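J.: coordinates only, sequence not included:
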């Protein structure tokens, strides 16, 4: 069954962390796997903020080839989607808008940036092994989306959409395939309908979805289930 690479990007954008596999320097010939948080950029590529003291950082500087395992939901369920993304991880200097975007998705990273020992790496994907459930699996060559918002344009959209959300809801990011919001402190991915590609149409589609959102219940609400 044919699998679209858009499914790979969707799973990456829904995920906040994964298992990063690198080539061990301390134990040559062995893979080294570590749990790492990441944020997908506008093109769906995973971006990491990692310490120079981390074992995987040492491994990557010696050999940039890496893999990233990401699964749908929590735990291990063979009916859930999962993927292994293979590519090369390289240090990357993000511009200010891209750094602010990263912090919107990962507020705790603001503290790490102040420490001075952390820097950004980006996984440039070559191929992905995607499993979408029983009978749906295969290798795919990496594909960028047809169009991607630059960080400044996205920040402008986020600022305008923020004026249209109920209390307790925050707009985190938007791309041509979905809208990311934080509701009651939980990050959620909302699908967007296809548009003609224009920024105005994208904003209108996102605004229509935001209008249907309800404010989360207040802490201590007696009506909580």
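T.: Sure thing, it's come through. What you are looking at is a predicted structure, and each value in this text was computed from that prediction instead of being measured.
J.: ok, residue 180 - contacts?
T.: Under the criterion of CB atoms under 8 Å, 6 or more residues apart in numbering, the contact list for residue 180 reads 13, 105, 171-174, 187-190. Every residue, glycine included, has its C-beta placed from N, CA and C.
J.: now do residue 188
T.: For residue 188, the contacting residues are 180-182, by CB under 8 Å, 6+ apart.
J.: would you map the helices across the protein?
T.: Counting by DSSP state H, one finds helices in the chain at the ranges 5-14, 55-62, 96-105, 109-115, 151-162, 199-211.
J.: end to end, how far does stretch 66-81 reach?
T.: Using CA to CA, to the nearest Å, the span of stretch 66-81 from its first residue to its last is 20 Å.
J.: which residues are contacting it?
T.: Outside of stretch 66-81, the residues that reach it under the criterion CB under 8 Å, 6+ apart are 7, 11-12, 14-15, 18-22, 38, 46, 60, 82-89, 123, 130-134.
J.: and the residue nearest the centre of the chain, bridged to which residues?
T.: When the chain is reduced to its mean C-alpha position, the closest residue under CA atoms, centre = their mean turns out to be residue 40, at 3.1 Å. Partner residues in beta bridges with residue 40, using DSSP bridges, are residue 46.
J.: so it makes contact with residue 11?
T.: No: between residue 40 and residue 11 there is no contact under CB atoms under 8 Å: 9.7 Å.
J.: average pLDDT for stretch 139-151?
T.: For stretch 139-151, mean pLDDT is 89.
J.: let me redo that: stretch 45-63
T.: The pLDDT scores in stretch 45-63 average 97.
J.: picking that back up, any quick PyMOL command for the buried ones out of the contacts of residue 180?
T.: Those of the contacts of residue 180 that count as buried under 16 or more other CB atoms under 10 Å are selected in PyMOL with:
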select buried, resi 13+105+171+172+173+174+189
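J.: pLDDT value on residue 165, please?
T.: 88.
J.: what sits against it?
T.: For residue 165, the set of contacting residues under the criterion of CB under 8 Å, 6+ apart consists of 171, 181, 210, 213.
J.: noted, bye for now.
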